[in-house]
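*Asks:* Take a look and give me a structure for this.
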Amino acid sequence: MTRFSALLELPLRHRWLRWAALAAGIALSFGAADLFHRQIHDEAAATFHATAIDKASAIDMRIRAYTDVLYALRGLFDASGKVTRDDFHQFAESLSLGERYPGLNNISFSPLVRNAEKHAFEQAVRAETTPLLRGMPEFSIGPPGERPDYVVLHYVEPMGKNVPGWGLDLMVDPLRRSAVERARDTGGISSISGVTLRRDAGAPVTSTLLRLAAYRGGGVPKTIEERQRLFVGVVGSAVRVGELVEASLTRETLARMRIRIFAGGELAHAGDSAAPEQLLYDSRPASAPVAYPGFTANQRITLADREWRVAISPLVDPTDPFDRALAAGVLTVSLLLSLLFFWLMSALTTVERGRVELAKRNREAALLTSLGEDLHSCLNVKEAHEVLTKHMPQILPGTAAVLFAFDAAHARATEARWGSPRSLQDEFAPQGCQAIRRGHPYHVADCAKGLNCAHFIGHPANAYVCVPLNAQGELIGMLHVQAAAQTALGDSEVNLIKAAAQHLSLALANLGLREKLVEQATRDNLTGLYNRHYMRDWLAHELLRAARHQRSIGVIMLDVDHFKRVNDVFGHEAGDLVLRELAGVMRRLARGSDVICRQGGEEFLLLLPEAPADATLAKAEELRAQVAALKLEYAGQALGTVTISLGVAAFPRDGADTEALLRSADAALYAAKRSGRNRAVVASGKAGVMHDETAVAPAA
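*Replies:* Reported below is the predicted structural model:
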């Protein structure tokens, strides 16, 4: 209501608007005069068209009556195993063709004659003794020539002037052959228009031929194959178009209207282009111009499997000047008001459409901004996946998607997905995706028409977008988004997907770099264990927690006995193998909450939260035994027995802070070394079970 009031105030704030409205009113008045003329013209045209439809319907009804004759003819052949020429003649006589069906030039029957039967058929016709053939020329199938099959014009009624067509092979002429084959294959009536009969040769008379197939056993077989196998011939008729029209319409109608009939092609279907037309009949000279072309009514008439267009034009002006003048005043006012109202509503609609579009753009921009901010605030990939799955359904409602991550050879689906994406593989070769292969986003608007990716199971999604995620030239993932069933992804949706993918690529790249830096800062490259920097930070926090909850922390410090001898005898690569195998043993024996780190060189540290000194000592003994049982080889040589020495300490008994606790463990380790190696010693000086040292020695 507020907007409407603002519009009403515009003329007060802008005085020039009233002059613009006056100018518009004058222009509309002149335009309305032309519109009124058109209105009267349309009313007259509608009245004339209604009359023209009646006239075209009269022609159509006459045609239907003529096609009924063909069905009656086929019924004659269906009812009798053999119809003689005399039977056919009596049937034609009973129809009274000349009186009841003006324009129906003849009816006929043309049997199918195989090439092998041609001579016998001609002899049989010549041998007929019926009086109907007296004085007729000798029968032969024409035109001459050998053909696989013949469909011969055999029975023709009335014979008279139709004798020139007697014996004609309908399969020679392409048009007649087409009509025969269509009638045979469909079981319905086929037609050919624009034909000049042999009897009318040299005369400007246009005829239409109708054909209907007859089958052995009667009726119409269900399949095309059966129709072709049981086909015995066609019944037909020839209709002179002019006589048909003049029999359907009165002389008064023909005096007031111009009737033109055009033949088209096959019955039109939705989306088909119009077939070329042929003029069959014109009640006025064809060269004469159409008097009132704006009133011409066109009516389609079905003629078997073809169409006629009946164009009916008035020969006198059907409009009434009095009616035109009477309606002018009323129509002027109503048109002016309608156009003004339309202009107002159009303006308001345009404003509203712009407002909605702007609001949509602002919303999308705000959602993308929020997505970018939340992604860049993530500390790890899991958080980024959660942000993506929560934001994207708001940005792209009605879609489903999966984020794929890449390793060296495969793309695998991650936990980041929304909706219910269909038919996707959880893992595929990267080259199976068109977007990855091309190096840019790939949009398939219709899976039935576009080139689809190979990462689907079964039928692909109807519409989808694949966007490769790149960071500094390296492929790190792929975002696959599907539209809901039977919907499409427009340009605006695709642009949103691309923008979201850019935010995601940058965020994942930053997280990957951050995780790589953290990994480098906290992990030992050789063993994959935590390094001493991570250990010290972790131990400092755990000591505070253990002190608060009055819990113990066990510490095992160990190193490899005579490790330098391994390096000197077998080489540094063998030494690295020993360290990696030792790290593997520690991983297998450690609990999920334990922390293993490499202090440096061959020295390692195992931290056991909530483990007292006796349990820590037991774990140290178990670790010592497992290492001593290792059978290691390098380059085909046995490395001998590997042993370790271990120092055990426990918080808070052996130290209240990190430095004190590590010094206690180190002192215990030194004591283990000093007392003969291959043993564990507790920081209080108590040693574990003693074992004779078996030093690492070169293999024999």
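*Asks:* Specify the local secondary structure of Asp614.
*Replies:* Put simply, Asp614 is helix when judged by DSSP: H, G, I helix; E, B strand; the rest coil.
*Asks:* neighbours around it, how many?
*Replies:* By the criterion of other CB atoms under 10 Å, Asp614 has 12 neighbours. For the C-beta atoms, the positions are set from N, CA and C on the backbone; glycine is no exception.
*Asks:* And the pLDDT for it?
*Replies:* Looking at Asp614, its pLDDT is 90.
*Asks:* do Ala695 as well
*Replies:* pLDDT recorded at Ala695 is 36.
*Asks:* Next: Ala409.
*Replies:* Model confidence at Ala409 (pLDDT) stands at 67.
*Asks:* Would you check how far apart Thr373 and His503 are?
*Replies:* Let me fix one detail, which is that residue 373 is Glu and not Thr. 9 Å (CB to CB, to the nearest Å).
*Asks:* Between these two, which is the more surrounded one?
*Replies:* Between Glu373 and His503, His503 has the larger neighbour count (other CB under 10 Å), namely 21 against 11.
*Asks:* how close does the more buried one sit to Leu209?
*Replies:* Taken as CB to CB, the span from His503 to Leu209 is 73 Å.
*Asks:* Would you state the strands of the stretch 251-400 of the chain in chain order?
*Replies:* Secondary structure of the stretch 251-400 of the chain (DSSP state E, counting those that start in this stretch): strands located at 257-266, 278-282, 297-303, 306-314, 399-406.
*Asks:* Just checking: what are the partner strands of the helix or strand following the last one?
*Replies:* Moving toward the C-terminus from strand 399-406, the next helix or strand (DSSP states H and E) is strand 411-418. According to DSSP bridges, strand 411-418 forms sheet pairs with strand 399-406 (antiparallel), strand 427-428 (antiparallel).
*Asks:* right, and the helix or strand after the shortest one?
*Replies:* To tie it back to what came earlier, the one meant is strand 427-428. Heading C-terminal from strand 427-428 (DSSP H and E), you reach helix 434-438.
*Asks:* Residue ranges in the stretch 51-200 of the chain under the pLDDT threshold?
*Replies:* Along the stretch 51-200 of the chain, segments meeting pLDDT under 70 span 200.
*Asks:* mind listing the helices for it?
*Replies:* Secondary structure of the stretch 51-200 of the chain by DSSP state H, counting those that start in this stretch: the helices cover 85-95, 97-100, 118-126, 174-186.
*Asks:* and among those helices, the most buried is which?
*Replies:* Comparing these by mean neighbour count (mean count of other CB atoms under 10 Å), helix 174-186 comes out on top with a mean of 19.
*Asks:* which other helices and strands contact that one?
*Replies:* Judged by 3 or more CB pairs under 8 Å, 6 or more residues apart in numbering; DSSP states H and E, the packing partners of helix 174-186 are strand 190-195, strand 207-215, helix 224-230, strand 231-240.
*Asks:* That helix versus strand 190-195: what angle between them?
*Replies:* Relative orientation of helix 174-186 versus strand 190-195 (axes from the mean of the first three to the mean of the last three CA atoms, to 10 degrees): 160 degrees.
*Asks:* Helix 174-186 to strand 306-314, inter-axis angle?
*Replies:* Computed by the same axes, to 10 degrees, the angle between helix 174-186 and strand 306-314 is 120 degrees.
*Asks:* what's the angle from helix 174-186 to strand 231-240?
*Replies:* Going by the same axes, to 10 degrees, helix 174-186 makes 130 degrees with strand 231-240.
*Asks:* Find me the pLDDT at the residue lying closest to Gln431 once chain neighbours are set aside, would you?
*Replies:* Counting by CB to CB, 6 or more residues apart in numbering, Gln431 lies nearest to Arg437, which is 5.6 Å off, once chain neighbours are set aside. You'll see Arg437 listed with a pLDDT of 88.
*Asks:* likewise Ser423?
*Replies:* Ser423 is given a pLDDT of 81.
*Asks:* if I read this right, it contacts Asn462, doesn't it?
*Replies:* No. Ser423 is beyond contact range of Asn462, at 10.4 Å (criterion: CB atoms under 8 Å).
*Asks:* For the two, indicate the residue with more neighbours.
*Replies:* A count of neighbours by other CB under 10 Å puts Asn462 above the other of Ser423 and Asn462, at 19 against 14.
*Asks:* Spatially central residue for the protein, please.
*Replies:* Nearest to the mean C-alpha position of the chain, by CA atoms, centre = their mean, lies Asp446 at 2.5 Å.
*Asks:* measure that residue to Gly575 for me?
*Replies:* Asp446 is 63 Å from Gly575, by CB to CB.
*Asks:* one step back: same list (the strands paired with strand 411-418) but as a markdown table, adding mean neighbour count, distance to Arg126 and mean pLDDT.
*Replies:* Output for the strands paired with strand 411-418, formatted as a markdown table (neighbours: other CB atoms under 10 Å; distance: least, CB to CB, whole Å; pLDDT from 0 to 100):
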| stretch | mean neighbour count | distance to Arg126 | mean pLDDT |
| --- | --- | --- | --- |
| strand 399-406 | 22 | 80 | 87 |
| strand 427-428 | 16 | 79 | 85 |
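*Asks:* got CSV for those strands, with distance to Gln550 too?
*Replies:* Listed next are these as CSV, based on distance: least, CB to CB, whole Å:
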stretch, distance to Gln550
strand 399-406, 44
strand 427-428, 49
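*Asks:* out of the ones you listed, nearest to Val467?
*Replies:* Shortest distance between Val467 and the strands paired with strand 411-418, using CB to CB, is found for strand 399-406: 9.9 Å.
*Asks:* How far does that closest one sit from its chain's centre?
*Replies:* Its chain's C-alpha centre and that of strand 399-406 lie 19 Å apart, by CA atoms, centre = their mean, to the nearest Å.
*Asks:* residues touching Ala384, list them.
*Replies:* Residues in contact with Ala384, defined by CB atoms under 8 Å, 6 or more residues apart in numbering, are Leu375, Cys378, Ala416, Leu504, Ala507, Leu508, Leu511.
*Asks:* ah, wrong one, I meant Leu244
*Replies:* Neighbours of Leu244 in contact, by CB under 8 Å, 6+ apart: Ile59, Arg62, Ile63, Tyr66, Pro102, Gly103.
*Asks:* Out of those residues, which end up buried?
*Replies:* Ile59, Arg62, Ile63, Tyr66, Gly103 (16 or more other CB atoms under 10 Å).
*Asks:* Throw those residues into a markdown table and include distance to Glu93, thanks.
*Replies:* Listed next are the buried ones among the contacts of Leu244 as a markdown table, based on distance: CB to CB, whole Å:
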| residue | distance to Glu93 |
| --- | --- |
| Ile59 | 27 |
| Arg62 | 21 |
| Ile63 | 23 |
| Tyr66 | 17 |
| Gly103 | 18 |
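*Asks:* hang on, the earlier thing: now distance to Val402 too, for the helices of the stretch 51-200 of the chain, in JSON lines please.
*Replies:* What follows is these, written out as JSON lines (distance: least, CB to CB, whole Å):
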{"stretch": "helix 85-95", "distance to Val402": "75"}
{"stretch": "helix 97-100", "distance to Val402": "76"}
{"stretch": "helix 118-126", "distance to Val402": "72"}
{"stretch": "helix 174-186", "distance to Val402": "52"}
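*Asks:* tell me the domain boundaries of the protein?
*Replies:* 28-319, 375-519, 523-682 (automatic domain parsing).
*Asks:* For my notes, please list those in JSON lines and give distance to Ser334 for each entry.
*Replies:* Shown next, in JSON lines, are these (distance: least, CB to CB, whole Å):
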{"stretch": "domain 28-319", "distance to Ser334": "9"}
{"stretch": "domain 375-519", "distance to Ser334": "40"}
{"stretch": "domain 523-682", "distance to Ser334": "85"}
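*Asks:* Look at Pro430 and report its pLDDT.
*Replies:* pLDDT, Pro430: 83.
*Asks:* Listing request: residues of the stretch 451-600 of the chain with sub-threshold pLDDT.
*Replies:* For the stretch 451-600 of the chain (pLDDT under 70), the answer is 485-486, 511-521.
*Asks:* ranges for the strands of it?
*Replies:* 464-471, 474-483, 530-531, 553-560, 595-600.
*Asks:* All set now, cheers.
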